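>>> here are the coordinates; sequence isn't available:
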């Protein structure tokens, strides 16, 4: 909690400008929201951190909203006083999105957890922003439906939309970009607008839905989200397979994708991750790189996919296939993936994890992973590696001693080198976590000054007072 | 060609303001581009129309660009003189996008027809904006790849991106929204920017790519487009099936989609269309509503899909299934769909076609189509109906006598009623053709004043002089 903010690229210094919540605004919020408006230290501190390794940076006040009208009221008041507003779901951001770097009001939407409307026959659902993905899936399972986007954390749909999240199922079902149909948004002036419709496609004007998706709370507060749902597949089969090297596992993945196998999940765990999970969960997996896969479809299609993948994997030394078809067996097989993060972090007691998020064209994946592993090994930095390799997206988790400036510097250097390589390979600095505070400098490198200038113009047009989650994505 | 512009919603009158190309600008363009800069009447007239039924509205000058630098030069000069710029591909717009309603320069990109880079192993390709979809598919076929988006017309990739086009394959492969990865764009100031990367997904800042896709030339000129490609399926099978009513055909489609069958194409033709095609192509199809379907996948998967669909269709009275697996047989089976438009238009010599483009949640599809057919029949208006019914998108083509004000009024009234119904059913006024001139009023009804105000703010921020295809989508 006492680590300094990492350095950003030149010209992107953190602004120190705090914009205090004036007493009359605070009084008005207290009057309107009573006990749902809190300045208690514990509440503020809970809203001043996320899963990143940034120091605690609490807001001045937290308002627990229960409706779109609540949000609109808070934002309108904040606009009248030019005070920052930071939308808050469940706090699972990895990039510092939730930190009140300019002070202001944290708008907690976690109590906005209603399923507004399920349209099973259209495969759509509208939820309030505070609904979590696990809650959503519980609620639609009995209808034979599911929402596939799974970033690991039990994040809110609002948070997942704000960061354009994806995760393990994206290789088949896409990301939040592809799966948000429509939004209700409170804009920076406190007005409620709707974007999109429940139609599956539309050419009606600018794609405001996709402008808000991934805007990290900097353009408005999403209050309702309409999503695509999918029929639960007739059959699901999971498989694991071990490989002699990370390179071999990635080469097999590349073949699977290029062959057009409609694989639903294709996750890589390196030998460090497997070792950590074996210890954490008393498993006896071979401590070698492995792929964890899932196939969705009809019984016949799932069998055929598994067969094809098995043949491809063998060409790259893939061995020791294990399959699981029942939900219980699948859950067991997936334990290694679901516990990877915590198992790895616990493998070095007291450490903090700096997670990378590079995503490259799939043909470049083996190259970049191999070099980055060698660099981390050479630096003596403890790490684990997991990857949504079917999408070319991978995460190194550097397990650093938070009291060691040297280790932090090493981790930042390794992360920096990885991003540089990813950009040189026509990839992106963030596949799914967002820019937040950590990647502001990289965004300029990736997109160029011209494109970031366009983003700034849009931000200024939609949020002229710069009150919506200021200091994130880019400086103004 | 002499039909008046249709009335728009109140407050959305066409601006009469013409912004003349000043002599020194024209001289400079002629000096820079020589014979590639034309003011010849025939060239201007060719660039002053599209496939809509609007009257000829030519630009003052046409510049044939051959590179991004050419485009940047023209736009920078236009910006310096605050003169409109209208990007032009192949002229297949259906909504008046290409008409020079405020005068200005038509920037013809049809000579920008290079495939810039194919990355077969990543399933991506970068093309210049003037490449047509048929050209692209010819060039990647030998690599075992294809680009699935097929709006019917052999449109340019630039035009398809600008209108967020889709068409027959969208039910499985998505629209241009899902299939454009990255762009090179000349902005309204004449600067070149890049958006997106070749990575399959990204959370790096605002989604500028999807902001430009569907912006109908009003925010900049797309000069290069990076697209997803797909492996040619191992097996393809086409099928037709006849139904006792349009309602039955649509109900069968709804079941197919809700069951999660990964159907690649699912097109409806009503009895009027079948009748017209029979006459046009001397076919002997049963003059009943029919579904035309295509299945992509492995041999086994395609067989299984066809089997499932056949069973579902029979439940709704689907009869007379015909299947085709070879390319020649498939092409023959698809003749009815490919020739539908021209066959229908020729069924009433001298007529013009007013095409609608409503898209609704699929559960509402049978309801709206049934009512709209009854209304057209009651009005005595000749029409045909085709639909990308798997997506809930359908097109009525009203075949009107261009010299009859009454028929035009009737067609506009029927179209208007259809849009109202579509919006009430949580659908969109345009599934794939764009807003252009024709649906400006409807956009406000669909999106609301607040959302359109956001669009206007973005437009003003990115194009402060309102030179990029002015007068389209919304008034400024």
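Sure thing, it's come through. Model, not experiment: these values are computed from the prediction.
>>> and residue A:134, helix, strand or coil?
helix (DSSP: H, G, I helix; E, B strand; the rest coil).
>>> I'd guessed it sits against residue A:153; true?
No - counting by C-beta atoms under 8 Å, residue A:134 stays clear of residue A:153, with 9.8 Å between them. Every C-beta, even on glycine, is put in place using the N, C-alpha and C of the backbone.
>>> between the two, which one's more packed in?
Ranked by neighbour count (other C-beta atoms under 10 Å in any protein chain shown), residue A:134 and residue A:153 place residue A:153 first, with 20 against 13.
>>> how about the more buried one, what does it touch?
The contact partners of residue A:153, taken as C-beta atoms under 8 Å, 6 or more residues apart in numbering or on different chains, are A:51, A:90, A:92.
>>> look up the pLDDT of it for me, please.
Listed pLDDT for residue A:153 reads 91.
>>> now swap in the one 4 residues further on and tell me
Residue A:157 carries a pLDDT value of 98.
>>> for it, give its distance to residue A:94.
The gap separating residue A:157 from residue A:94 is 17 Å, by C-beta to C-beta, to the nearest Å.
>>> more neighbours: these two, which one.
residue A:157 (29 against 25).
>>> distance of residue A:245 from chain B?
Relative to chain B, residue A:245 is positioned 20 Å away (C-beta to the nearest C-beta, to the nearest Å).
>>> that residue: neighbour count?
17.
>>> residues in contact with the residue lying closest to it once chain neighbours are set aside?
Using C-beta to C-beta, 6 or more residues apart in numbering or on different chains and skipping the chain neighbours, the partner closest in space to residue A:245 is residue A:289 (6.3 Å). Contacts of residue A:289 were listed using C-beta under 8 Å, 6+ apart, and they are A:242, A:243, A:244, A:245, A:246, A:248, A:249, A:268, A:269, A:270, A:271, A:274.
>>> among those, which ones are in helices?
Counting by DSSP state H, the contacts of residue A:289 place A:246, A:248, A:249, A:271, A:274 in helices.
>>> surely the third one meets residue A:243?
Yes - Residue A:249 sits in contact with residue A:243 when judged by C-beta under 8 Å, with a separation of 3.9 Å.
>>> and the ones in helices among the contacts of residue A:289, which two are the farthest apart?
A:248 and A:274 (14.6 Å; C-beta to C-beta).
>>> of those two, which one has the most company?
residue A:274 (23 against 20).
>>> report pLDDT for that one.
pLDDT, residue A:274: 96.
>>> thought it was touching residue A:290?
Yes - contact between residue A:274 and residue A:290 holds when scored by C-beta under 8 Å: they sit 6.1 Å apart.
>>> overlap in contacts of these two?
With contacts defined as C-beta under 8 Å, 6+ apart, the residues shared by residue A:274 and residue A:290 are residue A:336.
>>> tell me where the stretch 351-476 of chain A has helices.
Applying DSSP state H, counting those that start in this stretch to the stretch 351-476 of chain A gives helices spanning A:365-379, A:405-424, A:440-462.
>>> winner for burial among those helices?
Here the criterion is mean neighbour count by mean count of other C-beta atoms under 10 Å in any protein chain shown, and of these the winner is helix A:440-462, at a mean of 20.
>>> any idea how far residue A:288 is from the residue lying closest to residue A:244 once chain neighbours are set aside?
Sequence neighbours aside, residue A:317 is the residue nearest to residue A:244 in space, at 4.5 Å (criterion: C-beta to C-beta, 6+ apart). According to C-beta to C-beta, residue A:317 and residue A:288 sit 10 Å apart.
>>> which one of those two is surrounded by more residues?
The neighbour comparison of residue A:317 against residue A:288 (other C-beta under 10 Å) goes to residue A:288, with 20 against 17.
>>> for that one, give me its contacts.
Counted by C-beta under 8 Å, 6+ apart, residue A:288 has contacts A:242, A:243, A:244, A:271, A:274.
>>> which positions in the stretch 51-200 of chain A make contact with chain B?
Residues of the stretch 51-200 of chain A lying near chain B by C-beta under 8 Å from any C-beta of the partner chain: A:119, A:121-124, A:163-166, A:170, A:174-175, A:177-178, A:187, A:191-195, A:197-200.
>>> can you report phi and psi for residue A:64?
The phi/psi pair for residue A:64 (degrees, to the nearest 10) reads phi -90, psi 100.
>>> just the pLDDT for the residue nearest to it when sequence neighbours are not counted.
Spatial nearest neighbour of residue A:64, chain neighbours left out: residue A:36 (4.3 Å); criterion: C-beta to C-beta, 6+ apart. Predicted confidence (pLDDT) at residue A:36: the value is 98.
>>> domain-wise, how is chain A divided?
Under automatic domain parsing, the residue ranges defining each domain of chain A are A:23-110, A:115-231, A:235-424.
>>> so for residue B:414, which of those sits nearest?
Shortest distance between residue B:414 and those, using C-beta to C-beta, is found for domain A:115-231: 19.7 Å.
>>> return the distance of the closest one from the chain's centre.
Relative to its parent chain, domain A:115-231 has a centroid offset of 14 Å by C-alpha atoms, centre = their mean, to the nearest Å.
>>> can you give me the strands for the stretch 1-150 of chain A?
Listed in chain order, the strands of the stretch 1-150 of chain A (DSSP state E, counting those that start in this stretch) span A:37-38, A:61-64, A:85-88, A:105-108, A:115-119, A:124-128, A:145-146.
>>> re the thing from before, and of the contacts of residue A:289, the nearest to chain B?
Distance to chain B across the contacts of residue A:289 (C-beta to the nearest C-beta) is lowest for residue A:268, with 15.4 Å.
>>> residue A:23: neighbour count?
Other residues lying near residue A:23 total 8 when counted by other C-beta under 10 Å.
>>> and it, how far is that from residue A:30?
Taken as C-beta to C-beta, the span from residue A:23 to residue A:30 is 10 Å.
>>> could you do residue A:412 as well?
Counting by C-beta to C-beta, the gap from residue A:412 to residue A:30 is 41 Å.
>>> then residue A:423?
47 Å.
>>> quick check: residue A:160 is in a helix.
Yes - per three-state DSSP, residue A:160 lies within a helix segment.
>>> ok, now which ones touch it?
Shown in contact with residue A:160 (C-beta under 8 Å, 6+ apart): A:133, A:149, A:151, A:176.
>>> tally of neighbours for the nearest residue to residue A:469 once chain neighbours are set aside?
Of all residues not flanking residue A:469 in the chain, residue A:217 sits nearest, at 3.8 Å (C-beta to C-beta, 6+ apart). Per other C-beta under 10 Å, the neighbour tally for residue A:217 reads 27.
>>> check the one 10 residues further on too.
Close neighbours of residue A:227, defined as other C-beta under 10 Å, add up to 23.
>>> buried residues in the helix or strand it falls within?
For residue A:227, the element it lies in under DSSP states H and E is strand A:220-228. By 16 or more other C-beta atoms under 10 Å in any protein chain shown, the buried positions in strand A:220-228 come out as A:220, A:221, A:222, A:223, A:224, A:225, A:226, A:227, A:228.
>>> wait, the fourth one sits on residue A:126?
No - contact criterion C-beta under 8 Å: residue A:223 and residue A:126 do not qualify, at 10.8 Å.
>>> OK, contacts around the closest residue to residue A:275 other than its chain neighbours?
Of all residues not flanking residue A:275 in the chain, residue A:287 sits nearest, at 4.9 Å (C-beta to C-beta, 6+ apart). Residues near residue A:287 by C-beta under 8 Å, 6+ apart: A:271, A:274, A:275, A:278.
>>> which of those has the most neighbours?
The most crowded member of the contacts of residue A:287, judged by other C-beta under 10 Å, is residue A:274 (23 neighbours).
>>> what's the nearest residue to residue A:305 once chain neighbours are set aside in contact with, if anything?
Once flanking residues are discounted, residue A:305 sits nearest to residue A:295: 4.3 Å by C-beta to C-beta, 6+ apart. Residue A:295 makes contacts with A:235, A:236, A:237, A:238, A:239, A:263, A:264, A:301, A:302, A:305, A:306, A:309, as judged by C-beta under 8 Å, 6+ apart.
>>> I appreciate the help and will end here.
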